[in-house]
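*Asks:* 3D model of this:
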Amino acid sequence: MGLFSRRTDGAATNGPSTTRDSKMNGQNRATTKGEPFDISSGHFNRRPTFGQWIKFTWLDILTMAAMGAVGLGIYEAKPAPSRSFPVTFLDGEIVYPQFSYPLRHEIVPIWLAALLAALIPIFIILCMQIRVRSFWDANNAILGLLYSLIAAAVFQVFVKWLIGGLRPHFLSVCDPDPALITTGGTGFRNVMFQRNVCRGNASQIDDSLESMPSGHSTAAWAGFFYLYLYLNAKLKVFSNYHPAFWKLIALYAPLLGATLITGALTIDEYHNWYDCLAGAVIGTVFALSAYRMLYASVWDFRFNHIPLTRHTPFSYGAGAAGAGGFESAVFTRRAGWGYEEAYGGAPFDAAHGLRGQVAGFNTGAGPHGADTRNGDVEHNAGFAPTNGVTGGYTNGTTTGHGAPLNEPGPAAFSDGRYHARRSIERKAVPI
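*Replies:* Sure, this is the predicted structure:
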């Protein structure tokens, strides 16, 4: 089985596995195993051919290449406006000593910050596929990461080029000519000067005039905050069950990395604190935007693990049940997550309220036999059972869940709780 092959659990159930329901589900999974990606199938969690993948992503690849070229061009350009700055007062006192720090070596060079912000998330995303096993999840996650990094980088270089500001070591790099300073500059009391008084290296002067926002911070937060969002969705740290403590540590490790890279810029005196804050805000905004473009939600734990497709909209439970085969695109296996249930969607998702249940999800509300739909598992899930064998209201020879009488279906208990039968039998959800 390949790394990105869709996981097929077969009829891996405990208890009465010989029922018609379990046989049918096992047969359905068996028939879909190894089938190629097909838009019309409704099951999108399959690996496409290279041609299909290029058809879906060629415009993104072209756009990212173009934006990368634009960003590199602006990064190499000289500062756009002519900036004025004070050096000393008439009595020789330095006006702004916070720009007089010595030029030091960067603790984390910009190339290393960008490399870490890209390669570490990609490595972790690929490692997650050992369990997730979804080509489209890896595709969306890596594309979203590149969206975030490239768009944030282009945004920050434009701001740096047009606005910029003085780095903490600006006066050391500028090395103002005392003879030109004593002749006076411009502005009030002639204390403002331009770069023509500088005697330092021209390239270093250009760089020291473009302090805000921090490119290191932008890259670090665009990459590592995106990884934070991905880990939260795949590990279900903030969801509907009590996760293990290590997941919280793993979740915030990327943010610690971004914070350390950002903080190092104030230690080596390459950036002011507000430069770092501006870069972190830019990177975070683009990480949030990119993740939401590629996944069904950012914070809603019911859907934030589901990759979006270009060809079919995700219904959020308002349409037919299911998530296109991406129900299993999570890393965790706790509380029912990670298993392909017959009715699809996230465990305990919100499809019921969107489908017309008046009193909300899992309330068991509604008059006897009212508003039930034969075969519609999600719509009928909140209604109380009518017999001791199956959940839901009966309708002729089948239950409200669409399962034949006297055969176990998804259980809707008398207290209004609704559990996925196969998740229970896998001991993922204790009763």
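
*Asks:* CA only for contacts and neighbour counts going forward, please
*Replies:* Will do.

*Asks:* quick check: domain ranges of the chain?
*Replies:* 77-106+169-210, 363-422 (automatic domain parsing).

*Asks:* Least reliable of those by average pLDDT, please.
*Replies:* With a mean of 44, domain 363-422 has the lowest mean pLDDT of the domains of the chain.

*Asks:* For Tyr291, see how far away the closest residue to Asn304 other than its chain neighbours is.
*Replies:* Once flanking residues are discounted, Asn304 sits nearest to Ser297: 4.2 Å by CA to CA, 6 or more residues apart in numbering. Distance, Ser297 to Tyr291, by CA to CA, to the nearest Å: 8 Å.

*Asks:* neighbour-wise, which of the two wins?
*Replies:* For Ser297 versus Tyr291, neighbours defined as other CA atoms under 10 Å are more numerous around Tyr291 (26 against 20).

*Asks:* Roughly how far does that one sit from Ala233?
*Replies:* From Tyr291 over to Ala233 (counting by CA to CA), the distance is 11 Å.

*Asks:* tell me, what's touching the two both at once?
*Replies:* The contact sets of Tyr291 and Ala233 overlap at Val298 (CA atoms under 8 Å, 6 or more residues apart in numbering).

*Asks:* So what does Pro176 look like in phi/psi?
*Replies:* Dihedral pair for Pro176: phi -60, psi 140, per degrees, to the nearest 10.

*Asks:* Now do the residue lying closest to it once chain neighbours are set aside: how many residues are near it, please.
*Replies:* Residue nearest to Pro176 in three dimensions, not counting chain neighbours: Cys198, with 4.4 Å by CA to CA, 6+ apart. By other CA under 10 Å, 20 other residues sit near Cys198.

*Asks:* Let me see the contact set for Cys198.
*Replies:* Per CA under 8 Å, 6+ apart, neighbours of Cys198: Cys174, Asp175, Pro176, Asp177.

*Asks:* Highest neighbour count among those residues?
*Replies:* Cys174 (22 neighbours).

*Asks:* could you pull out the helices for the stretch 51-200 of the chain?
*Replies:* Using DSSP state H, counting those that start in this stretch, the helices of the stretch 51-200 of the chain run over 110-132, 135-162, 170-174, 178-182.

*Asks:* In terms of mean pLDDT, which of these ranks lowest?
*Replies:* Out of the helices of the stretch 51-200 of the chain, helix 178-182 stands lowest, with a mean of 78 (criterion: mean pLDDT).

*Asks:* Now do that one: everything it contacts.
*Replies:* Phe193, Val197.

*Asks:* how far off helix 110-132 does the helix or strand hosting Leu255 point, in degrees?
*Replies:* Using DSSP states H and E, Leu255 maps to helix 245-267. Angle, helix 245-267 to helix 110-132, by axes from the mean of the first three to the mean of the last three CA atoms, to 10 degrees: 170 degrees.

*Asks:* What are the buried residues along the helix or strand following helix 245-267?
*Replies:* Once the chain leaves helix 245-267, the next helix or strand it forms, by DSSP H and E, is helix 273-294. Neighbour-count burial for helix 273-294 flags 273, 275-294 (criterion: 16 or more other CA atoms under 10 Å).

*Asks:* Can you point out the buried residues in the helix holding Leu255?
*Replies:* Going by neighbour count (16+ other CA under 10 Å), the buried part of helix 245-267 is 247, 251-252, 254-255, 257-259, 261-266.

*Asks:* could you list every residue that touches the residue nearest to Asn304?
*Replies:* Contacts for Ser297 (CA under 8 Å, 6+ apart) come out as Phe303, Asn304, His305, Ile306.

*Asks:* if I look at it, how far off is Phe331?
*Replies:* Distance from Ser297 to Phe331, by CA to CA: 17 Å.

*Asks:* swap in Pro213?
*Replies:* Distance, Pro213 to Phe331, by CA to CA: 36 Å.

*Asks:* So for the two, which sits in the more crowded spot?
*Replies:* Taking other CA under 10 Å, Pro213 and Phe331 do not tie; Pro213 has more neighbours (30 against 20).

*Asks:* Contact partners for that one?
*Replies:* Gln156, Val159, Lys160, Gly164, Tyr274, Asp275, Cys276, Leu277, Ala278, Gly279.

*Asks:* Skipping adjacent residues, who's closest to the second one in space?
*Replies:* Using CA to CA, 6+ apart and skipping residues adjacent in sequence, the residue nearest Val159 is Pro213, 7.0 Å away.

*Asks:* Could you do the last one as well?
*Replies:* Computed as CA to CA, 6+ apart, the closest residue to Gly279 that is not its neighbour in sequence is Thr218, at 4.2 Å.
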